[in-house]
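1. Show me the folded form of this:
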Amino acid sequence: MAKYLLLCFILFACLFQEGKSCFIFPRIHVSIVNKLPPNSEPLSVHCRSGDDDLGYHTLAVNQDFHFSFCVIPLLTVFYCDLKWETKMVSGDVFNAAFPNPCFDGTCVYETNENGVYINGKLWNSWY
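-> Alright, predicted model coming up:
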């Protein structure tokens with residue numbers, strides 16, 4: 001019995017080390033990177049879910065804003081507004097009800113003068 005309890009304790013400790021584990025659900029990491037031209041106005045970013053408002057962030061060229069979360073299947077949604085000069089882009093950067101656009105648990109969104117890209121593909125154009 002003691003061996004069983006010790007094994008359970010070790011397994012539990014490994015699963016939850018450093019608070020990075022989501023137990024049985026995946027952890028997703030999202031980065032939004034300002035790749036606008038040099039000397040551009042800063043990029044304004046506001047991301048939120050139904051439970052968490054991650055606040056407003058101002059990114060100079062080559063700066064990034066990143067966050068991570070545990071996915072609750074079919075329920076987790078993170079939505080972001082990105083503003084640059086007079087242009088804007090809005091949309092779900094992660095929605096568990098749809099196929100995951102992230103690579104290996106990491107979503108990297110890069111902005112440029114044409115819009116916002118994920119994994120080299122246009123996600124959304126400025127409007």
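2. okay, CA-based contacts and neighbour counts for the rest of this
-> Will do.
3. Excluding covalently adjacent residues, which one is nearest to the residue nearest the centre of the chain?
-> The centroid of the chain falls nearest to Val30 when counting by CA atoms, centre = their mean (2.0 Å). In space, Val30 comes closest to Cys107 once its chain neighbours are excluded; the distance is 4.7 Å by CA to CA, 6 or more residues apart in numbering.
4. do you know how far Arg27 is from Gly105?
-> According to CA to CA, to the nearest Å, Arg27 stands 7 Å off from Gly105.
5. These two - which one has more neighbours?
-> Using other CA atoms under 10 Å as the criterion, Arg27 and Gly105 rank with Arg27 on top: 17 against 14.
6. so that one makes contact with Pro73?
-> No. Under the criterion of CA atoms under 8 Å, Arg27 is not in contact with Pro73, lying 11.4 Å apart.
7. At which residues are the helices of this structure located?
-> Using DSSP state H, the helices found in the chain span residues 2-15.
8. Would you state the strands of it in chain order?
-> Taking DSSP state E as the criterion, the chain carries its strands at 27-34, 43-48, 53-59, 64-70, 77-84, 87-95, 106-112, 115-118, 121-125.
9. Buried ones in the first one, by neighbour count?
-> It refers to strand 27-34. 27-34 (16 or more other CA atoms under 10 Å).
10. a markdown table for the strands of the chain, including distance to Ser21 and mean pLDDT?
-> Shown next, in a markdown table, are the strands of the chain (distance: least, CA to CA, whole Å; pLDDT from 0 to 100):
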| stretch | distance to Ser21 | mean pLDDT |
| --- | --- | --- |
| strand 27-34 | 7 | 96 |
| strand 43-48 | 21 | 98 |
| strand 53-59 | 20 | 98 |
| strand 64-70 | 8 | 97 |
| strand 77-84 | 19 | 97 |
| strand 87-95 | 19 | 96 |
| strand 106-112 | 15 | 96 |
| strand 115-118 | 25 | 96 |
| strand 121-125 | 29 | 94 |
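11. if we can go back for a sec, pretty sure the residue nearest to Val30 is touching Phe65, no?
-> No. If you go by CA under 8 Å, Cys107 and Phe65 don't touch, sitting 11.8 Å apart.
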